[in-house]
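Peer 1: Build me a model from this:
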Amino acid sequence: MSFFEEKNPEMDRYLETHASSEPEMLRKLRRETYQKTTQPHMISGYQQGRLLTIISQMMQPENILEIGTFTGYATLCLTAGMANNGKITTLDVNEDLAYLPRKYFAESDFSGQIDFRLQDAKEFLKETNEMFDLVFIDADKENYAEYFRLIKPRTKSGSVVMFDNVLWYGKVLEENPKQKSTQVIKELNDLIAKDDDFENLILPLRDGVNFLRRK
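Peer 2: Residues are numbered from 1 along each chain as shown. Next up, the predicted model:
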């Protein structure tokens, strides 16, 4: 649950009621995530999932990167608009939970286009030569600034990058935060705002999404 949902759950319900319906597979995955994981709030969820789906459908990307798979909800949303020859690489390090996204990826129409890897994202980004059209990051917050630095060379003009949880339950308003994750998220938001190679907007959806487009 986000900072904003806690403040106004009625508005959140209204927003969900007046958006496109959630596909059945995603509904099943969301339900199973709440049944079988200890931190189900980490799932991207309905509203954010609709945003990811629409962006992907508008872009029709050929190469997508996701950092932080969790149970695969956002992954499946991102596949919805992939080009016919497209692929998505999704990275996580949680071996104990890997069975759940694998199950739903296998059932997906895009099963052959999903490359699910149990690999450290920094390691991957330092090794790969791939360029990405669309990138979504929802992983360990203490590495957010480093992810931005490593991802930038892997983007091109028109590439879109999204960082989740960039408002961090409102903690980004703290002037001198003691929590390392808050410090890094503030650093990330500052880095992005000052980078002339990108144009960006922070969307106050759930816990905040920093939405970037490479010029």
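
Peer 1: Show me the helices in this structure, by range?
Peer 2: According to DSSP state H, the chain carries its helices in the segments 3-7, 9-17, 24-36, 45-59, 73-79, 99-107, 121-127, 144-151, 180-194.

Peer 1: from these, which stretch is densest packed?
Peer 2: Looking across the helices of the chain with neighbours counted as mean count of other Cβ atoms under 10 Å, the highest average goes to helix 73-79: a mean of 27. For the C-beta atoms, the positions are set from N, CA and C on the backbone; glycine is no exception.

Peer 1: one step back: quick one: the helices of the chain as TSV, columns for distance to D115 too.
Peer 2: Formatted as TSV, these follow (distance: least, Cβ to Cβ, whole Å):
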stretch	distance to D115
helix 3-7	32
helix 9-17	31
helix 24-36	19
helix 45-59	16
helix 73-79	10
helix 99-107	10
helix 121-127	11
helix 144-151	17
helix 180-194	26
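
Peer 1: Can you say which of these is nearest to L134?
Peer 2: helix 45-59 (5.9 Å; Cβ to Cβ).

Peer 1: Against which helices or strands is that closest one packed?
Peer 2: helix 9-17, helix 24-36, helix 73-79, strand 134-137, strand 160-164 (3 or more Cβ pairs under 8 Å, 6 or more residues apart in numbering; DSSP states H and E).

Peer 1: change it to 6 Å
Peer 2: helix 73-79 (3 or more Cβ pairs under 6 Å, 6 or more residues apart in numbering; DSSP states H and E).

Peer 1: Let me see the mean pLDDT of stretch 109-122.
Peer 2: Per-residue pLDDT values over stretch 109-122 give a mean of 97.

Peer 1: before we move on, what about stretch 64-72?
Peer 2: The model assigns stretch 64-72 a mean pLDDT of 97.

Peer 1: From start to finish, how long is that stretch in a straight line?
Peer 2: 14 Å (Cα to Cα, to the nearest Å).

Peer 1: how far does it sit from the chain's center?
Peer 2: Mean-position distance between stretch 64-72 and its chain equals 7 Å (Cα atoms, centre = their mean, to the nearest Å).

Peer 1: So what touches it?
Peer 2: 33, 42, 75, 78, 88-92, 100-101, 104, 121, 132, 134-139 (Cβ atoms under 6 Å, 6 or more residues apart in numbering).

Peer 1: Name the residues of that stretch that are buried.
Peer 2: Neighbour counts over stretch 64-72 (16 or more other Cβ atoms under 10 Å) mark I64, L65, E66, I67, G68, T69, F70, T71, G72 as buried.

Peer 1: returning to what we had before: wait, which of the helices of the chain is closest to K171?
Peer 2: Of all those, helix 180-194 comes closest under Cβ to Cβ, at 4.5 Å.
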